[in-house]
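In: I would like to see how this sequence folds:
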Amino acid sequence: MLSNVLTRVRSLLDGRKGSTATIQTFLVKICIITINMGTGIITARLLGSQGRGEMAAMILWPQFLAYTLTLGIPQSLLYNLKKSPDRKSELYSTALVMSVLLGFAAAAIGIFFIPQWLSQYSVLTIRAAQWFMLTSPLSLLGLVFGAAFEARSEFTFSNQIRYFIPLSTLAVLLVMLGLGVNNPIAFGAAYILPPVPIGIWMFIRLLSRYDFKLSNFIESAKTLLDYGFKAYGIDLIGSLSGRIGQALVVGLLTPTAMGLYTVAISLSRVLNTFEEAINVVFVPKASARPIPEIVALTGRAVRISAFLTFVSVLPLMLIGPFFLRLLYGQEFAEAATVFRILLIEVLISGVNWLLAKAFMAAGKPGVVTVLQGTGLAITVPLMLVLIPKFGLSGAGFSLLASTCIRFFLIQISYPLVFKTMPPNLIINFQDFKYLQKTLLSRGS
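Out: From the prediction side, this is the model:
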């Protein structure tokens with residue numbers, strides 16, 4: 001009995017099997033959510049909605065702009081490492097160099113662009129946001145490092161990094177509290193700076209797994225960009241759909257409204273737990289398999305994720321506004337309406353992303369990129385019209401409309417690209433049996 005328990009614990013900690021890696025990722029995500037709620041409560045309670053909005057305006061840009069310039073390299077690296085393991089060192093090295101260059105390009109764009117878009121903010125806020133842009137290369141390197149670990153099925157270490165970064169932020173915030181430091185710029189630094197030493201740690205650890213080789217740089221770059229350009233649209237859509245609301249709210253509304261929106265979208269994204277846990281493991285496990293297997297794996301992943309998310313949405317629609325007041329303070333109760341809209345949006349977007357990942361796994365992301373990009377292209381004009389007219393609710397409705405359009409387009413993509421119908425989205429008895437087996441066994 002005890003030996004069976006210990007075996008299952010070791011399997012979960014190892015995280016190399018599909019189901020155990022998913023469970024491990026889910027548990028790590030719960031830890032991250034808890035930590036992020038702690039940091040969110042601290043910053044919201046001490047800074048208020050205006051100060052929280054100023055902090056969000058400063059820390060938004062390094063990752064947001066960096067993620068818009070990935071060129072699909074992290075996803076391409078993961079795919080090609082699984083496809084061509086004999087070229088692992090040259091592909092990894094080339095991805096590093098390209099990501100550093102793209103990161104500095106993102107930094108330059110942000111430093112020039114931020115003063116124009118944050119004109120209603122103080123000079124100190126603008127200057128801090130510009131300095132924070134220097135961490136953009138590290139944002140892209142983090143994606144490359146993560147892909148390199150996941151290609152080797154080292155999900156345990158990858159998961160450790162996921163919670164260690166927000167844990168470091170929480171620790172720095174607590175130290176600042178002990179020292180009596182309490183301002184948006186200092187708190188922003190607590191979010192921006194911890195990934196620096198962690199990134200160095202990841203780089204050193206990978207030195208024993210990948211040699212640094214640039215002898216075939218041109219050929220490797222072509223290989224990465226060939227798949228990367230096809231995947232880039234999906235990467236770009238993911239980055240923009242997740243942050244375009246904040247990017248436009250920060251320029252169109254007041255710092256106070258930005259603070260309300262940041263809290264609402266952060267709390268609603270708690271529901272990404274199931275989709276992200278499955279997503280992290282799905283692409284490495286499904287990559288380069290036959291199309292029928294990929295579609296079957298996708299269907300099961302989507303049904304389980306959507307069901308778990310749906311049963312979480314219902315109570316949050318009722319008690320979410322209460323938690324806004326309880327956790328963040330009475331002034332954040334104004335975010336209740338946009339919070340409910342975002343709950344619906346996050347449910348549909350989670351389904352979208354898992355359905356789209358099937359094309360990534362099959363090496364055919366190009367067509368769906370175009371179709372999904374059409375849906376996202378509607379978001380910006382909608383926001384430019386609806387945010388000035390309806391405020392925060394306009395931002396929420398714009399995201400929801402874009403997500404619904406992408407859902408329709410991804411459904412069309414399956415018969416067009418895979419010559420098969422999209423997976424059934426209604427959970428069935430076999431899915432419940434698989435979920436039960438996953439939770440009670442050592443994994444498959």
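
In: what mean pLDDT does stretch 82-102 have?
Out: Per-region confidence: stretch 82-102 scores 89 on mean pLDDT.

In: could you list the buried residues of it?
Out: 82, 87-96, 98-100, 102 (16 or more other Cβ atoms under 10 Å). The way it works is simple: take the backbone N, C-alpha and C, and place the C-beta from them, glycine included.

In: state the pair within these that is farthest apart.
Out: Lys82 and Val100 (23.4 Å; Cβ to Cβ).

In: just give me the closest of the buried residues of stretch 82-102 to Ala356.
Out: Nearest to Ala356 among the buried residues of stretch 82-102, with distances taken as Cβ to Cβ, is Lys82, at 18.1 Å.

In: contact partners of the strand or helix carrying that closest one?
Out: Assessed by DSSP states H and E, Lys82 sits inside helix 73-83. The contact list for helix 73-83, computed with Cβ atoms under 8 Å, 6 or more residues apart in numbering, reads 87-88, 91-92, 95, 98-99, 102, 140, 143-144, 146-148, 150-152, 223-228, 231, 234-235, 283-284, 287-288, 360, 363, 365.

In: correct me, but Ile341 touches Ala401?
Out: No. Ile341 is beyond contact range of Ala401, at 10.3 Å (criterion: Cβ atoms under 8 Å).

In: more neighbours: these two, which one.
Out: Ile341 (20 against 17; other Cβ atoms under 10 Å).

In: off-centre distance for the strand or helix carrying Ile32?
Out: Assigned by DSSP H and E, Ile32 belongs to helix 18-67. When distances are taken as Cα atoms, centre = their mean, to the nearest Å, helix 18-67 is centred 11 Å away from the chain's centroid.

In: can you check stretch 130-143 too?
Out: 15 Å.

In: what's the first-to-last distance across it?
Out: Its first and final residues considered, stretch 130-143 spans 22 Å by Cα to Cα, to the nearest Å.

In: Leu324 reaches Arg340, doesn't it?
Out: No. Leu324 sits out of contact with Arg340 when judged by Cβ under 8 Å, with a separation of 10.7 Å.

In: identify the contacts common to those two.
Out: Joint contacts of Leu324 and Arg340 (Cβ under 8 Å, 6+ apart) do not exist.

In: the two - which one has more neighbours?
Out: Taking neighbours as other Cβ under 10 Å, Leu324 and Arg340 compare with Leu324 leading, 23 against 20.

In: from Tyr261, how far off is the spatially closest residue to the more buried one that is not a sequence neighbour?
Out: Among residues not flanking Leu324 along the chain, Phe332 sits closest, at 4.9 Å (Cβ to Cβ, 6 or more residues apart in numbering). Distance, Phe332 to Tyr261, using Cβ to Cβ, to the nearest Å: 10 Å.

In: about what we covered before: what is the neighbour count of the residue nearest to Leu324?
Out: Neighbours around Phe332, by other Cβ under 10 Å: 26.

In: wait, it sits on Leu326?
Out: No. With contact defined as Cβ under 8 Å, Phe332 does not count as touching Leu326 (9.8 Å).

In: contacts only, for Ala401.
Out: 378-379, 382.

In: separation between it and Leu271?
Out: 19 Å.

In: for Thr68, same thing?
Out: Taking Cβ to Cβ, one finds Thr68 at 24 Å from Leu271.

In: these two: who's more crowded?
Out: Leu271 (23 against 19).

In: next one: phi and psi at that one?
Out: With angles defined as degrees, to the nearest 10, Leu271 sits at phi -70, psi -10.

In: now do the same contact list for it.
Out: Leu271 sits in contact with 309, 312-313, 316, 343, 346-347, 350, where contact means Cβ under 8 Å, 6+ apart.

In: what of Phe229?
Out: 71-72.

In: tell me the pLDDT of it.
Out: Model confidence at Phe229 (pLDDT) stands at 84.

In: and whatever helix or strand it lives in with helix 73-83, angle?
Out: Assigned by DSSP H and E, Phe229 belongs to helix 217-252. Relative orientation of helix 217-252 versus helix 73-83 (axes from the mean of the first three to the mean of the last three Cα atoms, to 10 degrees): 140 degrees.

In: so helix 217-252 versus helix 18-67, what angle?
Out: Calculated by the same axes, to 10 degrees, helix 217-252 forms an angle of 70 degrees with helix 18-67.

In: what's the burial count for the residue found closest to Ala56 once you drop the neighbours it is linked to in the chain?
Out: Excluding its sequence neighbours, the residue lying closest to Ala56 (Cβ to Cβ, 6+ apart) is Thr262, at 4.3 Å. By the measure other Cβ under 10 Å, the count of residues near Thr262 is 27.

In: next one: Thr262 from Ile185, what distance?
Out: Counting by Cβ to Cβ - Thr262 and Ile185 are separated by 16 Å.

In: what of Ile32?
Out: With Cβ to Cβ as the criterion, Ile32 and Ile185 are 24 Å apart.

In: just Ala358 next, same as before
Out: From Ala358 to Ile185 the distance is 43 Å (Cβ to Cβ).

In: neighbour-wise, which of these two wins?
Out: Shown here are Ala358 and Ile185; by other Cβ under 10 Å, Ala358 has more neighbours (30 against 18).

In: residues contacting the more buried one?
Out: Contacts of Ala358 by Cβ under 8 Å, 6+ apart are 286, 294-295, 297-298, 418.

In: so where's the stretch 51-200 of the chain shaky on pLDDT?
Out: Applying pLDDT under 70 to the stretch 51-200 of the chain flags residues 155-156, 158-159.

In: that one: helices as residue ranges?
Out: 73-83, 88-117, 123-132, 136-151, 155-179, 184-192, 195-206 (DSSP state H, counting those that start in this stretch).

In: tell me which of those helices lies nearest to Gly51.
Out: Of all the helices of the stretch 51-200 of the chain, helix 184-192 comes closest under Cβ to Cβ, at 5.0 Å.

In: these two touch, right, Thr43 and Ala186?
Out: No. If you go by Cβ under 8 Å, Thr43 and Ala186 don't touch, sitting 10.5 Å apart.

In: neighbour count: those two, which is higher?
Out: Summary of the neighbour comparison: Thr43 and Ala186, criterion other Cβ under 10 Å, with Thr43 having more neighbours (26 against 15).

In: mind listing what that one touches?
Out: By Cβ under 8 Å, 6+ apart, the residues touching Thr43 are 51-52, 55, 173, 187.

In: cool, Phe145 as well?
Out: 161, 199, 202-203, 206.
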